[in-house]
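# pasted the sequence and its predicted model underneath.
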Amino acid sequence: MRIAHSAPRLACFLLLLTPGIVLAQNFVAASDTPSSQTPTEPKAPKVFDADAIDKTANPCVDFYQYVCGNWRKNNPIPGDQSRWGRFNELSERNRYLLYVDLNKAATSPHTALQRKYGNFFAACMNTDLANQLGDKPLLPLFARIDAIQDKKEIAAVAAYLDSKTPTGIFFRFGVEQDQKDSSKQIESVYQGGLTLPDRDYYLEDNPHMQEIRDKYRAYIVSVLKLTDETDETAAADAGHVLEIETALAKGATPRVELRDPDKRYHVMTFAELDQLDPGFNWAAYFAGVKAPKQDTLNVGQPDFFKAENQVIADQSLEALKVYLKFHVINGVAAWLSQPYEDASFEFFQKTLQGQAEQTARWKRCTAATDRALGEAVGQDWVKENFPPQAKQNMEQLVAALKKALGEDIQALPWMSADTKTEAEAKLAAFRQKIGYPDKWRDYSKFRVTRTDFVEDLDHSAAFEFNYELNKVGKPVDEKEWGMTPPTVNAYYDPPMNDINFPAGILQPPFYDFSKDPAVNFGGIGVVIGHEMTHGFDDEGSKYDGQGNVKPWWTDADHAAFQKRLDCEINEYNSFEPVPGVHLNGKLTLGENTADNGGIRIAWQALLSTLAQQGKSIDDKIDGYSEAQRYFIAFGQIWCENRTEQVSRVAAKTDPHSPGMFRVNGVVRNFDEFGKAFGCHQGQPMMPDDACRVW
Ligand SMILES: [Zn+2]
């Protein structure tokens, strides 16, 4: 029931950065490059890399191969990664630069904040201490679980665990903007309680999923045995955990359905929640987490809570206690002593993600410090790595993109004047955040030990939990960020109606102001256009400019919109990342719409900018026209290698299409691409059945 800062809170990311949902079996990374245990500075990624182009490929037949062919050949997946692309190149560089700051702060801090994050990082790096402690950090939590005498006491212990440690038991409790009145912050409970990446992992009956379940069972057995359970008890207990999670999975709403805001919103009174799920003592839970008294809350998926009620009724008290205990271990297993860390790596990184070797400790600790204290480390990081000029330049780019989207909406042949007026109003209400927060978070109440990293992680979980709880009933903080400054990503948040670009992404290969406009519009320009288009994709378009779920379309316009979305659904359904494995056009619809809209809007903005500068799209630099440079810069953002197994699972769970289709799927729908490369109608990248939404 981890507090759900990013769970009920809904945001459309540019990509899924933590591939916790990717999976691969028996995979050996296709690389003999040793991953770095010793920190070394990675090279800065290149913007517009002519050497990455495979000139033997025909851009009109397979643009992705043309634009990324040599990059993919020369960049096999490192041993400590399961996929490797341009985003990763930049993320690794940002991570190294952050590590330098953390390492300095751990040895010679100059400010109170540096002392805090330096201590957190130092505690994380102290593997000797982790090995000495073994499972000692868990014992007080186990004692609370062992003391449960009656099923009615489970809720109070769940509240204790949720507000103390990262767990993930049963459901996720959080605070979110009310989707019918986005000015309000309300409490919500949301389906959860699973360990595998998706409900399908529990429910699909095929040899592949069965094998994953078998390996998951072996993982549960291995960590329970580390807590001194016998082989026999651990085997029986693993059976209980799987049975409980499978029953919860059956009650969970499928991922694709959750794209519909209505499937996430069921406001009810606390008495109604009690009726729905009487087996869980809700009054004890809310009292235990010290939730502010409210009249109602959002019960995201009522069917899930019926399933939870049934699970508590059907399972023995002992089985339920094992479920709690396993989740307590699993929440921090990667940071306990070596045997726990190894077991966690074996299942989550190796089996599920196909990663050949453990990521170096300094990388993991840098990422963990960024997660826990992102707006503390970010303050120093942006001073060193994000010049004020970059923020100003970005503001100009965003303004150019906003204008282009407005013109695009006005020119749409299929939309009536009334709906256009509403769409314009939503666009005018867009807010933007660039680089880093105007106002940094206050970490003064976050206690850090330097001596016990698991305790520090618990403090972090408790700090986040209280931070969220503290929002209930207060005005929405429009300046709040959902990503830390060094993050290489971006997002649109429908209830906030804002677009967000952390400092981490505003660099090569996305952005370099010494380059020509075509290159920057093809990189960061398309990213901005992508995030803006999310306000008008299948999901975002259900929210108005104030961030409320409210229809603002005429029926006829909505039908025309749906017809265009259907074209995209069918198109992406036809793509096969691996022979026989198709993308899910409905799961990826929002991202595909954003990708396709982004490239058009950025193109329009580029044309306006070139016109203002007295330049032409046909001007040549280094042998490529500005039009070609735009598409090449765009395509090269998505150069990547991933394992076959990663592709299989991403096709099932990732709302983003893989790089190949983020490039080829988009250029084939945009006739300006075909013109730029002299393609003929009917060639694969200039087909007769192209789709267009925005
Ligand atoms: Zn997106």
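Happy to help now that I have it. Note that the structure is a prediction, hence the values are computed from the model and not measured. Numbers count the residues shown, from 1 in each chain.
# show me what contacts the closest residue to the ion within the stretch 151-300 of the chain?
Proximity to the ion, evaluated over the stretch 151-300 of the chain using Cβ to the ion, is greatest for R259 at 12.5 Å. Just so you know, the C-beta spots here come from the backbone N, C-alpha and C atoms, and that holds for glycine as well. Going by Cβ atoms under 8 Å, 6 or more residues apart in numbering, R259 touches D538, E539, K586, L587, L589, G590.
# give me the below-cutoff pLDDT ranges for this structure.
The chain contains residues with pLDDT under 70 at 1-12, 16-36.
# what residues are up against the residue of it most remote from its centre?
Note on the chain: the largest C-alpha distance from the chain mean falls to G614, namely 40.5 Å (Cα atoms, centre = their mean). With contacts taken as Cβ under 8 Å, 6+ apart, G614 has no neighbouring residues.
# nearest to the ion among the contacts of R259?
Set against the ion, the nearest of the contacts of R259 by Cβ to the ion is G590 (6.8 Å).
# in the host helix or strand of that closest one, what counts as buried?
G590 belongs to helix 589-612 when elements are defined using DSSP states H and E. Neighbour counts over helix 589-612 (16 or more other Cβ atoms under 10 Å) mark 589-607, 609-610 as buried.
# same check on stretch 142-152?
Buried-residue list, stretch 142-152, by 16+ other Cβ under 10 Å: F142, R144, I145, I148, K151.
# ditto for stretch 239-247
Per 16+ other Cβ under 10 Å, stretch 239-247 contains these buried residues: H240, V241, L242, E243, I244, E245, T246, A247.
# what does that stretch contact?
For stretch 239-247, using Cβ under 8 Å, 6+ apart, the contacting residues are 193-196, 202-203, 213, 216-217, 220, 307, 310-311, 314-315, 318-320, 322-323, 326.
# can you do 10 Å?
With contact meaning Cβ atoms under 10 Å, 6 or more residues apart in numbering, stretch 239-247 is reached by 170, 193-196, 199, 201-203, 213, 216-217, 220-221, 224, 307-308, 310-312, 314-316, 318-327, 330.
# buried subset of the residues you listed?
Listed as buried from the contacts of stretch 239-247 are 170, 193-196, 199, 201-202, 213, 216, 220-221, 224, 307-308, 310-312, 315, 319-327, 330; burial here means 16+ other Cβ under 10 Å.
# residues near P140, how many?
Using other Cβ atoms under 10 Å, P140 has 10 neighbouring residues.
# so where does it fall, helix or strand?
P140 belongs to helix 139-146 when assigned by DSSP H and E.
# after that helix, which helix or strand is next?
Following helix 139-146 toward the C-terminus (DSSP H and E): helix 154-162.
# run the angle between that next one and helix 139-146 for me.
170 degrees (axes from the mean of the first three to the mean of the last three Cα atoms, to 10 degrees).
# only C-alpha atoms, please: export helix 154-162 in CSV.
Written as CSV, here are the backbone C-alpha positions of helix 154-162 (Å, rounded to 0.1, in the frame of the first residue of the first chain):
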residue,chain,number,x,y,z
ILE,A,154,-4.5,-6.8,10.2
ALA,A,155,-5.6,-3.3,9.2
ALA,A,156,-3.9,-1.6,12.1
VAL,A,157,-0.7,-3.4,11.4
ALA,A,158,-1.0,-2.6,7.7
ALA,A,159,-1.3,1.1,8.7
TYR,A,160,1.7,0.8,10.9
LEU,A,161,3.8,-0.8,8.1
ASP,A,162,2.5,1.6,5.4
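# please compute how far it lies from its chain's middle.
Chain-centre distance of helix 154-162: 27 Å, with Cα atoms, centre = their mean, to the nearest Å.
# beyond that helix, next helix or strand please.
strand 171-178.
# within the sheet, what are the partner strands of that following strand, with directions?
When pairing is defined by DSSP bridges, strand 171-178 lines up against strand 181-191 (antiparallel).
# pull out the buried positions in the strand it pairs with.
Per 16+ other Cβ under 10 Å, strand 181-191 contains these buried residues: S182, Q185, I186, E187, S188, V189, Y190, Q191.
# before we move on, what about stretch 571-579?
For stretch 571-579, the neighbour count (16+ other Cβ under 10 Å) marks E571, Y572, F575, P577 as buried.
# and those as TSV, adding distance to the ion?
Converted to TSV, these look like this (distance: Cβ to the ion, whole Å):
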residue	distance to the ion
E571	17
Y572	14
F575	17
P577	18
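# now, which of those residues sits nearest D456?
Of all these, D456 sits closest to P577, with 39.6 Å by Cβ to Cβ.
# how about the strands in this protein?
Along the chain, the segments classed as strands by DSSP state E run 12-13, 83-85, 171-178, 181-191, 267-269, 296-299, 431-435, 491-493, 498-502, 620-621, 624-625, 640-642.
# let's have the ones you listed in TSV, adding distance to G374.
As requested, the strands of the chain are exported to TSV (distance: least, Cβ to Cβ, whole Å):
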stretch	distance to G374
strand 12-13	16
strand 83-85	23
strand 171-178	18
strand 181-191	21
strand 267-269	31
strand 296-299	27
strand 431-435	13
strand 491-493	14
strand 498-502	10
strand 620-621	38
strand 624-625	39
strand 640-642	25
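# as a markdown table, the ones you listed with distance to the ion would be great.
Listed next are those as a markdown table, based on distance: least, Cβ to the ion, whole Å:
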| stretch | distance to the ion |
| --- | --- |
| strand 12-13 | 4 |
| strand 83-85 | 16 |
| strand 171-178 | 19 |
| strand 181-191 | 20 |
| strand 267-269 | 28 |
| strand 296-299 | 24 |
| strand 431-435 | 15 |
| strand 491-493 | 7 |
| strand 498-502 | 10 |
| strand 620-621 | 30 |
| strand 624-625 | 28 |
| strand 640-642 | 16 |
